[in-house]
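Peer 1: Pasted the sequence and its predicted model underneath.
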Amino acid sequence: MRGLMMDRPLLIGALIQYAAEYHGDTEIVSRTTEGPIHRYSYVDAERRARQLAKALKRLGVERGDRVATIAWNTHRHFELYFAVSGMGAVCHTINPRLFGEQLRYIVNHAEDKLLFLDLTFVPIAEKMAAEWPGLRHYVIMTDRAQMPETSLPGALCYEDLVGGESSEFVWPEFDENTASSLCYTSGTTGNPKGALYTHRSTLLHSFAVCSANAVGISMRDSILPVVPMFHVNAWGIPYAAAMSGAKLVFPGPKLDGASLHELFTSEKVTLSCGVPTVWLGLLQYLDQTGKRLDGLTRVTVGGSAAPRAMIEAFEERYGVQCIHGWGMTEMSPVGTLALPKAKHLDRPMAEQLAIKARQGFPLFGIDMKVVAPDGRVLPHDGKSSGELYVRGPWIIGAYYDDEEATAAAFDAEGWFRTGDVCVIDPDGYMIIVDRSKDVIKSGGEWISSIDLENAAMGHPEVAEAAVIGLPHPKWDERPLLIVVPKAGHQPSKESITAFLGDKIARWQLPDDVVFVAELPHGGTGKVLKTRLREQFRDYRLPTI
Ligand code: AMP
């Protein structure tokens, strides 16, 4: 028997319409690429998104066409999210930190028709233009006065486009499974792979992210997404904010501690989201200046493992709840979040911190299974580690136009293979042990590079740490710890090994510690282990 409820599609256009209608005077504040702070409201943003949708039509964009962006987090990028998807086209956000070859590949593979770009990225586009023959128009996201001299063929001005249209446009209705946005993963090997989201997956993900078991977003929040809008749709924050009528504060190109702190204070930010490297920068700035984080109630951290010391600093020193989460581009991206359960709240602080340092339990909608190398499904006992497989309504069912990558990514039952090694404890909390290719295989046992890095980053003189496995004739592989000292400090090898001594099992301790000025980071803030492995390829461990 079929139920008798309305079959109304879940559409991105409806999000911005709702925000304009019921939270119309709520502000959207941006630090612009040009410098000054820009402020307007959801009513203004929705009206301009309609004007932009009309301009896109005039430029020949049709349903299903891909419209690319290379842009910072600003109000204009926000308008593009809603105008492009809302009219039924696909918003393809491009990470400007990709290598030239990757940029060439993804624009051509996606068959982008238009490219919207911030002033900062004009030089990148000029360099690449000859390799992007399919692009029909370049639109520079600025006003007429700031339009640069450029070799980009027929470059258009964003404000002219928007200003030249009336707002007589009605958000169309169509199937909720229509493609809405496209984001390529920046894998370290092979070509980037495209995750093609739908309106339905985006809205379901937003409902989940807003729920109290997740980030608990409401119309009383002022949210500053540090995570870029070119990194998995800023973890879905622009959509979740519109859904809940939260104020948005966009940081533009300035992501340093001082600039973020200024906006946190002036815009009374309550929630902010970013990768660990961004928070390391902010915490160092606070340490150096003695400033506080008044008003901020919570930060979320993900993309790489949050060191326990970071969670402790936010919670204990600054009174800000630090919510650690895990996800992937292929998962829209949020899969798990590490909030304590009621029964944990009277446990000692150290125990609570250990819970918060886990990657977390799944949002409703995400199924997880842990699989041993021989294909056995492992119990959630907190001990059995294996590869994590997931499925759910906001997880990709295939890569965009890539049969080879798709064939390798799913098992016979259609579960998506994450490439992460994890354990799940009896309470349902998932703990990432490592990327399957980063785990160190020593004498038939596994050593988690993440555990070692995390422990090392608790050392008071360590700013950042990374661990890689180096070949060893007896043990197969042994860990090398690579450390970036905090500014003005010179920790010794011995002090670091002694510090790790009571935190890590003896056989898992690194065979050596080396010091470097900085670690190589990829486009989404992750430490590039492949680069480190190349850099230290000829390094000889003292234990050989
Ligand atoms: P991306 O698709 O670029 O967001 O990368 C996804 C990958 O980042 C995951 O498969 C994990 O390996 C890693 N990752 C994301 N969040 C975390 C986390 N909280 N802890 C450890 N690794 C993480």
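Peer 2: Sure thing, it's come through. Numbering: from 1, shown residues only.
Peer 1: how about the residues of the chain near the ligand?
Peer 2: Residues of the chain lying close to the ligand by C-beta under 6 Å from any ligand atom are 185, 232, 302-305, 324, 326-329, 333, 359, 418-420, 432, 435, 524. Any C-beta I mention is one placed from the backbone N, CA and C, and that applies to glycine too.
Peer 1: Inside strands: which ones of those?
Peer 2: Under the assignment DSSP state E, those contribute 185, 324, 326-327, 418-420, 432, 435 to strands.
Peer 1: For the residues you listed, work out which two are farthest apart.
Peer 2: With distances taken as C-beta to C-beta, the most widely separated pair in those is Thr185 and His324, at 21.1 Å.
Peer 1: Between the two, which is the more surrounded one?
Peer 2: Shown here are Thr185 and His324; by other C-beta atoms under 10 Å, His324 has more neighbours (25 against 17).
Peer 1: which helices and strands does the lengthiest helix in the chain pack with?
Peer 2: In the chain, taking DSSP state H as the definition, the longest helix is helix 42-58. Applying 3 or more C-beta pairs under 8 Å, 6 or more residues apart in numbering; DSSP states H and E, we find helix 42-58 packed against helix 12-22, strand 27-31, helix 75-86, helix 158-163.
Peer 1: out of these, deepest packed?
Peer 2: Most buried of these by mean neighbour count (mean count of other C-beta atoms under 10 Å) is helix 75-86; its value is a mean of 26.
Peer 1: relative orientation of it and helix 42-58 in degrees?
Peer 2: Between the axes of helix 75-86 and helix 42-58, defined by axes from the mean of the first three to the mean of the last three C-alpha atoms, to 10 degrees, the angle is 60 degrees.
Peer 1: following helix 75-86, which helix or strand comes up?
Peer 2: Scanning forward in sequence from helix 75-86 by DSSP states H and E, the next helix or strand is strand 90-93.
Peer 1: which of the residues in the helix or strand hosting Thr300 are buried?
Peer 2: For Thr300, the host element (DSSP H and E) is strand 298-301. By neighbour count on 16 or more other C-beta atoms under 10 Å, the buried set for strand 298-301 is 298-301.
Peer 1: Quick check: the farthest pair among those?
Peer 2: Arg298 and Val301 (10.3 Å).
Peer 1: which neighbours do those two share?
Peer 2: Contact criterion C-beta atoms under 8 Å, 6 or more residues apart in numbering; residues shared by Arg298 and Val301: 322-323.
Peer 1: Closest residue of the stretch 101-250 of the chain to the ligand?
Peer 2: Relative to the ligand, the nearest point of the stretch 101-250 of the chain is Thr185 (5.0 Å; C-beta to the nearest ligand atom).
Peer 1: coming back round to it: output the helices and strands packed on helix 42-58 in a markdown table, with mean pLDDT appended to each entry.
Peer 2: Supplementary listing: the helices and strands packed on helix 42-58 in a markdown table, determined by pLDDT from 0 to 100:
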| stretch | mean pLDDT |
| --- | --- |
| helix 12-22 | 98 |
| strand 27-31 | 98 |
| helix 75-86 | 98 |
| helix 158-163 | 98 |
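Peer 1: for the stretch 51-200 of the chain, what spans make up the strands?
Peer 2: In the stretch 51-200 of the chain, the segments counted as strands under DSSP state E, counting those that start in this stretch are 66-70, 90-93, 114-117, 137-140, 156-157, 179-185, 193-198.
Peer 1: picking that back up, ok, the buried residues of strand 298-301 vs Ala68, which is closest?
Peer 2: Thr300 (27.0 Å).
Peer 1: so where's the stretch 101-250 of the chain shaky on pLDDT?
Peer 2: Low-confidence segments of the stretch 101-250 of the chain (pLDDT under 70): 187-189.
Peer 1: Would you map the helices across it?
Peer 2: All helices of the stretch 101-250 of the chain, identified by DSSP state H, counting those that start in this stretch, fall at 122-128, 158-163, 199-210, 232-235, 237-244.
Peer 1: Which strands or helices does the last one pack on?
Peer 2: Pointing back at helix 237-244 there. Using 3+ C-beta pairs under 8 Å, 6+ apart: helix 237-244 touches helix 12-22, helix 75-86, helix 199-210, strand 222-225, strand 247-250.
Peer 1: Which member of the buried residues of strand 298-301 is positioned nearest the ligand?
Peer 2: The closest of the buried residues of strand 298-301, once distances to the ligand are taken by C-beta to the nearest ligand atom, is Val301, at 7.2 Å.
Peer 1: isn't that closest one right next to Arg308, touching?
Peer 2: No. Counting by C-beta atoms under 8 Å, Arg308 is not a contact partner of Val301; they are 11.5 Å apart.
Peer 1: Model confidence score at whichever residue of the stretch 1-150 of the chain sits closest to the ligand, please.
Peer 2: Per C-beta to the nearest ligand atom, the residue of the stretch 1-150 of the chain with the smallest distance to the ligand is Asn95, at 9.3 Å. Each residue has a pLDDT score; the one for Asn95 is 94.
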